[in-house]
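Colleague: Predicted model and sequence follow; I will ask about them next.
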Amino acid sequence: MSAAPQTPPQPGQVTGAQAVVAALLRHGITAGFGIPSIHNIALYETLRQTPAFHHWVVRHEQAAGFAADGFYRSSGRIAAIFASTGPGNLFTLVPLLESLQTQTPILVIGTNIASSLLSKTGGALHETPDQLEIVRPLTRFAARVSSPDKIAGVFAEAAQALLGPVPGPAFIEMPHDFFLAPTVANVDGEAEQSPSVSGSSPQEVMQAAQQIAASRNPVLLLGAGVRTSRAQVQQLAELLQAPVLTTTSGKGMIAADHPLSLGCISRLGAVQEVLLESDLLISFGARLTEFDTGRFSLRFPPQHIQVVAERSYAGDRLPSTLIVGGLETIAQAFAQSATAHQGWCDVAGISARESERLEGLAQDAYSALQHLRAAMDRHDVLVNDQSILNYWASAFFPALEPGTFLYPLGSGTLGYGLPAAVGAACAIKRSGEARRVICIAGDGGFQYTQHELATLAQYGLPVKILLVNDEAYGVIAFLQRTMFGQTHEIALKNPDFCRVAEAYGIRAERVTTLERLRQRLPDWLESPGPALLEWRTELKAPWETSAIPRPASIMKGS
C-alpha cells in the first residue's frame, strides 16, 4: 500500500504537498473541505503547517463538494476539495455536475495510485480504471500531474478555468507518492495557452442592439451567470423600463423589491402572461432548464436574444439569437444603442394581484415562506434542498441580494441543502459578516447528507435547519397520484430527527402547526449555534393547488 521511499528534499526544494498548498495560496484559494486518507495524509500534514489555509473536515466527499459549492455561491470565493483515489474522487461526481451546470468554480484535488504503479493494472489500493476520464466530462479542466515539478504549471492551468470568463469545476489528479517527492521551490508555473472563447462579432452585437432599440415591449431574464455584471444589466433594464425575471439560480441578481422585478420564471402563470405580451426577451447568463420552464412548455416572445459567456452554456433546445462574450461589455453596448423607454408593463399591479391570489389559496407552504422572509434580514442566506417547500421557494420566495438563495438547479439532486449550508456558513464565519444561514430540507432529502450535522456541531456553525417532515417522498407521491392514481414506495420510516440532532449536541424542537411555526421562528433564528426545527406537516405541491400551472405533460400523465 505504500510507495517506494522518496529521496528527502534538498536545500532549495520543497515537497510536492508543499508545492500544492503554495499553488493554492498563489491563486487565492485559502479554504477547503475534505477528508484525510491514506493517499493524501502527506498533503494534510502540510495543511496542518499552513495557518493561512483554513480547512474543515466533513463526513463524506460529496458533502465536501457541495460545501465548496455553497462557499462560492454565498461569498464569490473558491474553495478546494480534498479527495482520495477511487471512491473518494467518485463521491465528488454529483457536486461536479452541479457546479458544471451552474458555472460554479470548485477545485477537486484528488489522488491516484503511486506513479510507479500506473503503467500496469491490478491490485493497487483504490485503483480505478481510467479515473481521470470518468471525471473529465464533468469539469472545465481535468489533468494529471505527470511529475512533481509540473505541479505549479498544472495548478496555473486549473486557475485559468476557475477564474476565467466561463468558470466551472476543475479536477487535478496526483499520484500519491508525489506529495512526499522533492520538487523545485518557488516555481510559479506557466499555464499552457487555453483556447480562446469564440465570441460574437461586433456586427452581431450591433444587430442585436438594433433589435432591442426597435422593441416596444422588452423583457429581461437574469441567470446565475450575470453575477459579475449585475450593475450593467440592471442599468439596461432601467433604461428600457423593462420588467425583469430571473431563473431559479439567478434569484437575487435583481432585488425582489426592485420596482422592475417580476420574480422567478418557475412561477409560470403571471410570467407566461407577461411573456405573451412581450415582443422581445433579452436573457443574460441564463440557462433555461426543464424545471424553470414547466418542462419546456413556457412560451417565449417571437424574438429572444440570449447573451452568454460561452455558446455551450445556453444549450440548443430552445431557439434564440445567441450573443457570446463578456456580459458586462455586451450590456453596456446594448445600453449605448438604446433610448429611454416608457414602462409598458404594470409590474406593481401584476405582483399585487398575484400575491392576493396566492394568499387566497390558503396554503401553509406559501404562508410559511412569507413568515420566514419576514423574520430574515435581506442579506441572510437561504439554502435549499429538494422538497415540496423548496419548490414553493423557487417560485415565490423573494431573494433580495445576490448569493442569498442557493438551489441545486444544476443537478436537481437531493442532499444538497445541508452541506451547501455548511459551506455558506464557513464562508460567512471566516469573513466575520453577521449573516444567518437557513437550510430548508424535506425528510427524504435530508437523510442523504444528514451526517453533516456532525460538521455543524464540530465547528459550531450557526446553520438553522427547517426540516419539513411528511414521512414520505412527497413530490413523487403527488406525481404518482396525478399520473397513475396510486402511490408506491414513497412512505418513509424516519428516525426521531430531534433526537438525532440532540445526539450531536444540536438544539432541536418540533412543531406541528403553521401558527406554532410562526411563533417559534424568531427564537429559532436568534439562537446561538446550529439548530433544527422540525415541522411535522403534509404540504401540497404548488402544481396541486394551481399556485403554479401544471405542465401539459403532467396533466396528460406522460
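Modeller: Now that the structure is in, tell me what you want to look at.
Colleague: Look at residue 136 and report its pLDDT.
Modeller: On pLDDT, residue 136 comes in at 97.
Colleague: who's in contact with it?
Modeller: Neighbouring residues of residue 136 by C-beta atoms under 8 Å, 6 or more residues apart in numbering: 142, 171. To be clear about C-beta, it is placed using only N, CA and C from the backbone, and glycine gets the same treatment.
Colleague: Can you show me the strands along the stretch 301-450 of the chain?
Modeller: Remark: strands assigned in the stretch 301-450 of the chain by DSSP state E, counting those that start in this stretch are 304-308, 321-324, 381-384, 405-406, 437-442.
Colleague: need the ones you listed in a markdown table with mean neighbour count and distance to residue 504, can you?
Modeller: Listed next are the strands of the stretch 301-450 of the chain as a markdown table, based on neighbours: other C-beta atoms under 10 Å; distance: least, C-beta to C-beta, whole Å:
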| stretch | mean neighbour count | distance to residue 504 |
| --- | --- | --- |
| strand 304-308 | 25 | 43 |
| strand 321-324 | 20 | 48 |
| strand 381-384 | 28 | 19 |
| strand 405-406 | 29 | 23 |
| strand 437-442 | 28 | 15 |
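Colleague: among the ones you listed, which is nearest residue 291?
Modeller: Shortest separation from residue 291 across these is recorded for strand 381-384, at 12.1 Å, computed as C-beta to C-beta.
Colleague: Given the closest one, what are its sheet partners and their directions?
Modeller: strand 405-406 (parallel), strand 437-442 (parallel) (DSSP bridges).
Colleague: Around residue 246, count how many other residues there are.
Modeller: 27 (other C-beta atoms under 10 Å).
Colleague: From what I see, it and residue 223 are in contact.
Modeller: Yes - the pair formed by residue 246 and residue 223 meets the contact definition of C-beta atoms under 8 Å, at 7.2 Å.
Colleague: Now do the shared contacts for these two.
Modeller: Contacts common to residue 246 and residue 223, judged by C-beta under 8 Å, 6+ apart, are residue 253.
Colleague: what sits against the closest residue to residue 507 other than its chain neighbours?
Modeller: Leaving aside its chain neighbours, residue 507 sits nearest to residue 531 (4.5 Å; criterion: C-beta to C-beta, 6 or more residues apart in numbering). Each residue near residue 531 by C-beta under 8 Å, 6+ apart is listed here: 462, 464-465, 506-508, 524.
Colleague: Which member of those residues is positioned nearest residue 378?
Modeller: Among those, residue 464 lies closest to residue 378 (C-beta to C-beta), at 16.5 Å.
Colleague: That closest one should be in a helix, yeah?
Modeller: No - the assignment for residue 464 is strand, going by DSSP: H, G, I helix; E, B strand; the rest coil, so no helix is present there.
Colleague: What confidence value was assigned to it?
Modeller: Looking at residue 464, its pLDDT is 98.
Colleague: Spell out, range by range, the helices that occur in the stretch 201-350 of the chain.
Modeller: Using DSSP state H, counting those that start in this stretch, the helices assigned to the stretch 201-350 of the chain run over residues 202-214, 230-240, 269-277, 311-314, 327-337, 347-360.
Colleague: which parts of the shortest one are buried?
Modeller: Neighbour-count burial for helix 311-314 flags 311, 313-314 (criterion: 16 or more other C-beta atoms under 10 Å).
Colleague: Let me have those residues in TSV, adding distance to residue 376 and pLDDT as columns.
Modeller: Listed next are the buried residues of helix 311-314 as TSV, based on distance: C-beta to C-beta, whole Å; pLDDT from 0 to 100:
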residue	distance to residue 376	pLDDT
311	38	81
313	31	77
314	33	73
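Colleague: wait, which of the residues you listed is closest to residue 61?
Modeller: Sorting the buried residues of helix 311-314 by how near they are to residue 61, with C-beta to C-beta, puts residue 313 at the top with 26.4 Å.
Colleague: Now do the contacts for the nearest residue to the closest one once chain neighbours are set aside.
Modeller: Taking C-beta to C-beta, 6+ apart as the measure, residue 313 lies nearest to residue 287, with 6.2 Å between them; neighbours along the chain are not counted. For residue 287, the residues meeting the contact criterion (C-beta under 8 Å, 6+ apart) are 101-102, 223-225, 247, 249, 313-315.
Colleague: Just the buried ones from those, in PyMOL syntax?
Modeller: If you want just the buried ones from these in PyMOL, going by 16+ other C-beta under 10 Å, the selection is:
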select buried, resi 101+102+223+224+225+247+249+313+314
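Colleague: If we ignore the residues flanking it in sequence, what's nearest residue 73?
Modeller: Counting by C-beta to C-beta, 6+ apart, the residue nearest residue 73 is residue 406, at 5.1 Å.
Colleague: Which pLDDT value belongs to the one you found?
Modeller: In this model, residue 406 is scored at 98, pLDDT.
Colleague: Who is it paired with across the strands?
Modeller: Applying DSSP bridges, one finds that residue 406 bridges with residue 383.
Colleague: can you give me the strands in the stretch 451-558 of the chain?
Modeller: Taking DSSP E, counting those that start in this stretch, the strands of the stretch 451-558 of the chain run over residues 463-469, 507-511, 531-536.
Colleague: how close does residue 73 get to residue 163?
Modeller: Applying C-beta to C-beta, to the nearest Å, one obtains 16 Å for the distance of residue 73 from residue 163.
Colleague: quick one: which of those two has more around it?
Modeller: Counting neighbours by other C-beta under 10 Å for residue 73 and for residue 163 shows that residue 73 has the greater number, 26 against 13.
Colleague: Tell me how many other residues crowd the residue lying closest to residue 461 once chain neighbours are set aside.
Modeller: Take residue 461 and drop its neighbours on the chain: the residue closest to it by C-beta to C-beta, 6+ apart is residue 425, 4.2 Å away. Neighbour count of residue 425, defined by other C-beta under 10 Å: 30.
Colleague: and stretch 338-357, average pLDDT?
Modeller: Taken as a whole, stretch 338-357 has an average pLDDT of 93.
Colleague: So the residue nearest to residue 73 sits against residue 71, correct?
Modeller: No - between residue 406 and residue 71 no contact is recorded; they are 10.4 Å apart, counting by C-beta under 8 Å.
Colleague: Identify the contacts common to those two.
Modeller: Shared contacts of residue 406 and residue 71, defined by C-beta under 8 Å, 6+ apart, are found at residue 424.
Colleague: show me where pLDDT drops low in the stretch 51-200 of the chain?
Modeller: When residues are selected by pLDDT under 70, those of the stretch 51-200 of the chain lie in 185-197.
Colleague: show me where it has helices.
Modeller: Listed in chain order, the helices found in the stretch 51-200 of the chain under DSSP H, counting those that start in this stretch are 61-75, 87-90, 93-102, 131-135, 151-163.
Colleague: Which among the ones you listed is found nearest to residue 550?
Modeller: When the helices of the stretch 51-200 of the chain are compared by C-beta to C-beta, helix 93-102 sits nearest residue 550, at 24.9 Å.
Colleague: The closest one to helix 61-75, inter-axis angle?
Modeller: Orientation check (axes from the mean of the first three to the mean of the last three C-alpha atoms, to 10 degrees): helix 93-102 against helix 61-75 gives 30 degrees.
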